[in-house]
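Q: What would the 3D arrangement of this be:
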Amino acid sequence: MIALTVSGSLAMSTVMVTIGYSWIALFYASCLLLAVTATKGPLYRVLTNPRLMALGTLAYFTYLAHLPIVEACRRAVGLRFPTSTLVAPLGAYAIAVALTLLLAKLSWRFFEQPLLRRGHVYRY
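A: Just a heads-up that it's a prediction; the model follows:
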């Protein structure tokens, strides 16, 4: 996995297109199987950590919205500090992470969770 993700230029290389994406899929499928089948031990303790499980409820919104939020924060900070050092971009990314998680929490609380409750009413 490390060799496949070392460089961003590998995305369309021959290795990635022929076997790379299959290896990535196999890796994540294995991680998923380990997560579902673990019943004790260190892996079980990590995977049942309440904080990680809480982050899991925010994953869908985070997946959908993180790129536009990061870009908006990066541009807003770039407008305020056009000629800055490394501190401004890092601050922009920190703000973007916090904003993404806040919006994901609000989305979960007021949109996704109520929809799930409504959907579960119609179980067979």
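Q: could you pull out the helices for the chain?
A: Using DSSP state H, the helices of the chain run over 2-5, 14-15, 21-37, 42-47, 50-57, 59-80, 87-107, 113-120.
Q: would you turn the ones you listed into a markdown table with mean pLDDT and mean neighbour count?
A: Using the backbone N, CA and C atoms, a C-beta is placed for each residue, glycine as well. As requested, these are arranged in a markdown table below (pLDDT from 0 to 100; neighbours: other CB atoms under 10 Å):
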| stretch | mean pLDDT | mean neighbour count |
| --- | --- | --- |
| helix 2-5 | 68 | 10 |
| helix 14-15 | 74 | 10 |
| helix 21-37 | 86 | 11 |
| helix 42-47 | 84 | 12 |
| helix 50-57 | 89 | 10 |
| helix 59-80 | 91 | 14 |
| helix 87-107 | 92 | 15 |
| helix 113-120 | 90 | 10 |
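Q: per-domain residue ranges of the protein.
A: What automatic domain parsing lists as the domains of the chain is 1-48, 50-124.
Q: Kindly provide the distance from V77 to P68.
A: V77 sits 15 Å away from P68, going by CB to CB, to the nearest Å.
Q: Over to V36?
A: The value you get for V36 to P68, if CB to CB is used, is 32 Å.
Q: got it, and R75?
A: 11 Å.
Q: And for S30?
A: Look at S30 and P68: by CB to CB, they are 32 Å apart.
Q: Equivalent analysis for A38, please.
A: With the distance defined as CB to CB, A38 ends up 35 Å from P68.
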